[in-house]
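Enquirer: using only what follows, build the 3D model:
(chains A and B)
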Amino acid sequence: AQTVTQSQPEMSVQEAETVTLSCTYDTSESDYYLFWYKQPPSRQMILVIRQEAYKQQNATENRFSVNFQKAAKSFSLKISDSQLGDAAMYFCAEWGGKLIFGQGTELSVKP
Amino acid sequence: DAGVTQSPTHLIKTRGQQVTLRCSPKSGHDTVSWYQQALGQGPQFIFQYYEEEERQRGNFPDRFSGHQFPNYSSELNVNALLLGDSALYLCASSLGQGPIGYTFGSGTRLTVV
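Expert: Got it, this is the predicted structure:
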């Protein structure tokens, strides 16, 4: 069975600093995708970054980057130069025909 | 270009009643998936509709059913509501059944009293 685990219910970061959110997953699929989604109070899930499992290079989107360790089944998200607008719930998810989400990490950003 | 539209935004129902939630996919998308997000939890997959048929289903009882119309819009129906059905129901649309371009709506907050 596919499972996604986020072990940090809450994280806090100072504005302009860097924070890393952790995620581990378990899948029997050989071809899969991994995602980080952001869910602000508006409730809409917003895609932050996507990683294809067959790609060795870690994905990067502006201030957001991932550390994808396929053998360890680890997929962490690094947010650089944190901004107040980054405060939200962050969900790690794996696609193996459908999205399987982790429990989420609530990120707060201190001014 | 309109994104995914869900209605209503909020809903209060009594235990035992039936409810219908609606979703209009993003323009150009033909696949709709539904998720249930309980308070403080990650979303859980309910089912996916493509070509007006249910293609995949998560671990949800038969009380949860759906429909997709020729214009690709979709409905989620829940019968015999339980208090535990209180949640945010998210709709996501995509072109085809894959994950690329997957777009979520803002959800319907259902409260069962």
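Enquirer: what does chain A have sitting close to chain B?
Expert: Counting by C-beta under 8 Å from any C-beta of the partner chain, the residues of chain A close to chain B are A:4, A:33, A:35, A:37, A:42-47, A:50, A:91, A:93, A:95, A:97-104. Glycine gets a C-beta too; all of them are placed from N, C-alpha and C.
Enquirer: these, buried ones only, as a PyMOL selection?
Expert: In PyMOL syntax, the buried subset of those is picked out as below (16 or more other C-beta atoms under 10 Å in any protein chain shown):
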select buried, chain A and resi 4+33+35+37+43+44+45+47+50+91+93+95+98+99+100+101+102+103+104
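Enquirer: residues contacting the residue of chain B found nearest chain A?
Expert: In chain B, the residue that lies nearest chain A is B:Gly42 (3.3 Å; C-beta to the nearest C-beta). For B:Gly42, the contact set (C-beta atoms under 8 Å, 6 or more residues apart in numbering or on different chains) comprises A:4, A:91, A:93, A:101-104.
Enquirer: contacts only, for the closest residue to B:Gln41 other than its chain neighbours.
Expert: In space, B:Gln41 comes closest to A:Gln103 once its chain neighbours are excluded; the distance is 6.3 Å by C-beta to C-beta, 6 or more residues apart in numbering or on different chains. A:Gln103 makes contacts with A:5-6, A:9, B:41-42, as judged by C-beta under 8 Å, 6+ apart.
Enquirer: for A:Gln103, give me phi and psi.
Expert: phi -80, psi -20 (degrees, to the nearest 10).
Enquirer: next step: the contacts of A:Gln103 restricted to strands.
Expert: Using DSSP state E, the subset of these located in strands is A:Thr5.
Enquirer: most neighbours out of the contacts of A:Gln103, which is it?
Expert: Among the contacts of A:Gln103, B:Gly42 has the most neighbours (other C-beta atoms under 10 Å in any protein chain shown), with 21 neighbours.
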